[in-house]
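**Student:** sharing a model that was predicted from the sequence below.
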Amino acid sequence: MAGPLDSAHAITKLPCQDLDRARRFYRDRLGLEAVEEREGGLRYVCGTTEFHLFLSSGAASGTSTQIGFEVDDLDQVMADLRTRGLRFEAVDVPGFKVEGDIVTVPSNYPSKGHGERGAFFRDSEGNLLALGQATR
């Protein structure tokens, strides 16, 4: 039986305290331009998905991934982002294989492959973001 949200378009919303600072981070570090800007937020489109940054006096805890970007070649994307000045988070995840900045997640994790390789970084507002590549 179909549910009322089966055909909905899910959108991630990320809090930010300074829209100008966030705009510069997403443009300069990630190469993304907002497709829409309003007084209280920015809207970004990535492929067929989108996310919004909204002005907030609150802050995300940054203790768990708030948005993930699925990529085909994790190593290449990380190299490109490093040339833009992005710094990846060192992680220590018990039970997961960690090599440098890359975590290999076993097959029991929701992913489009048999597992996932991933890397984490924070945006200018403290939101924890991730890159992920399904392992085949």
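**Tutor:** Right, received. Where do you want to start? Numbers count the residues shown, from 1 in each chain.
**Student:** quick one: contacts for residue 92?
**Tutor:** Each residue near residue 92 by Cβ atoms under 8 Å, 6 or more residues apart in numbering is listed here: residue 98. Glycine gets a C-beta too; all of them are placed from N, C-alpha and C.
**Student:** straight-line length of stretch 33-47, end to end?
**Tutor:** 13 Å (Cα to Cα, to the nearest Å).
**Student:** for it, give the mean pLDDT please.
**Tutor:** Averaging pLDDT along stretch 33-47 gives 96.
**Student:** let's number from 56 now, not from 1
**Tutor:** Right, with 56 as the first residue, what we last looked at is stretch 88-102.
**Student:** show me what contacts residue 105?
**Tutor:** 64, 66, 90, 98, 99 are the contacts of residue 105 under Cβ under 8 Å, 6+ apart.
**Student:** likewise for residue 185?
**Tutor:** 120, 122, 123, 124, 173, 174, 175, 176.
**Student:** neighbours around the residue lying closest to it once chain neighbours are set aside, how many?
**Tutor:** Setting aside the residues directly before and after it, residue 185 is nearest to residue 123 in space (Cβ to Cβ, 6 or more residues apart in numbering), at 4.2 Å. A total of 15 residues lie near residue 123 under the criterion other Cβ atoms under 10 Å.
**Student:** hmm, which two among the contacts of residue 185 are most spread apart?
**Tutor:** Using Cβ to Cβ, the two most remote members of the contacts of residue 185 are 122 and 174, lying 13.4 Å apart.
**Student:** neighbour count for the two, which is higher?
**Tutor:** residue 174 (23 against 15).
**Student:** surely the more buried one meets residue 186?
**Tutor:** Yes. The pair residue 174 and residue 186 passes the contact test of Cβ atoms under 8 Å, sitting 4.9 Å apart.
**Student:** what's the overlap in contacts for the two?
**Tutor:** 129, 133.
**Student:** pull up the distance across stretch 70-90, start to finish.
**Tutor:** End-to-end for stretch 70-90, by Cα to Cα: 18 Å.
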